[in-house]
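1. got a predicted structure plus its sequence, pasted below:
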Amino acid sequence: MHISALYIYPIKSCRGIAVDSASVHDIGLEHDRRFMVIDEHNRFVTQRDYPAMAQIGVHQTATGWALHRVGMPTLRWDPTTNGAESVVQIWKDSVTVVDQGPAAANWFSEATGAKCRLVGFAPHSRRSVDQTYAVDQDDAVSFADGYASLIVTEASLIDLNTRTKENVPMDRFRPNIVVAGASAWEEDNWRNVRVGTVDMVAVKKCARCVMTTTDQLTGERHVEPLHTLAVFRHIGHGLIFGQNMVHVGRGTIRIGDAVTIG
């Protein structure tokens, strides 16, 4: 088995970026979900609330990032760690964040049609993973829903698409690590996983939500893949696709790296 694709999502719930390699940190891949959009009540917002966020592209520049969406001017934005700090809510967690300024706030407010601000993960902030599934009490995560990274297999998507009413692309599942050479749904039983030279642990099967029905180019909602996952992938309390990972090792992973199960 080997890595066939790698993705990062610099701003939670905005469009992902395909990369050839990624540095593995304890809270996630480098640049992955280090920024987040919040509403006027200091709560995080996602494509669940505003499907149009799928149309917001993020590209790296020499000094920061560029944000773009069809019909809107591109915003060049240089992240800051010196902005006003506040405490915001993401799921059940309270996290200290750094405001990214009025230009980004105005841009996202126009893009979503609601009053929003863009915030960054504060350098001194720490957000723990659910201790029910943690390997170590110090396991942490950035602004991802719950765990440092998400691993999926090409074979599972191929099998799913033999059952669906419409073809579902991989980007609907917003993975970090895509693996080729596995059997369909093999990842359900993974625990200790070596990705390249980096050790990770599969801690919790990933229950999927309405975001997987959102076209990542148009923002339009569909019935798949949840309609079909409900038929044959209802496991425990969720509709399962992929595995949530915690990172017990550090290093760099690359497309083509071997993936081995311990």
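-> All right, it came through fine.

2. kindly state the beta-bridge partners for residue 243.
-> On the basis of DSSP bridges, residue 243 is bridged to residue 151, residue 205.

3. how about the nearest residue to residue 112, chain neighbours excluded?
-> residue 50 (4.4 Å; CB to CB, 6 or more residues apart in numbering). For the C-beta atoms, the positions are set from N, CA and C on the backbone; glycine is no exception.

4. what's the answer for residue 83, then?
-> residue 99 (4.1 Å).

5. tell me which residues touch that neighbour, please.
-> By CB atoms under 8 Å, 6 or more residues apart in numbering, residue 99 lies in contact with 83, 84, 85, 86, 105, 117, 118, 119.

6. closest to residue 94 out of those?
-> For the contacts of residue 99, the residue nearest residue 94 by CB to CB is residue 86; the value is 10.3 Å.

7. I figured the closest one hits residue 42, correct?
-> Yes - the criterion here is CB atoms under 8 Å, and residue 86 meets it with residue 42 at 6.4 Å.

8. so which of the contacts of residue 99 are in helices?
-> Using DSSP state H, residue 105 are the members of the contacts of residue 99 that sit in helices.

9. now the contacts of residue 99 in TSV, with neighbour count, pLDDT and distance to residue 136?
-> Below are the contacts of residue 99 laid out as TSV (neighbours: other CB atoms under 10 Å; pLDDT from 0 to 100; distance: CB to CB, whole Å):
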residue	neighbour count	pLDDT	distance to residue 136
83	17	94	31
84	12	96	33
85	14	97	27
86	15	97	29
105	18	97	36
117	24	98	33
118	27	98	31
119	27	98	27
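
10. report the two of the contacts of residue 99 separated the most.
-> 85 and 105 (15.2 Å).

11. what about the strands in the stretch 151-262 of the chain?
-> Taking DSSP state E, counting those that start in this stretch, the strands of the stretch 151-262 of the chain run over residues 177-180, 192-195, 198-207, 234-235, 238-247, 251-254, 259-261.

12. list the buried residues for the second one?
-> Which is strand 192-195. Buried residues in strand 192-195, counted by 16 or more other CB atoms under 10 Å: 193, 195.
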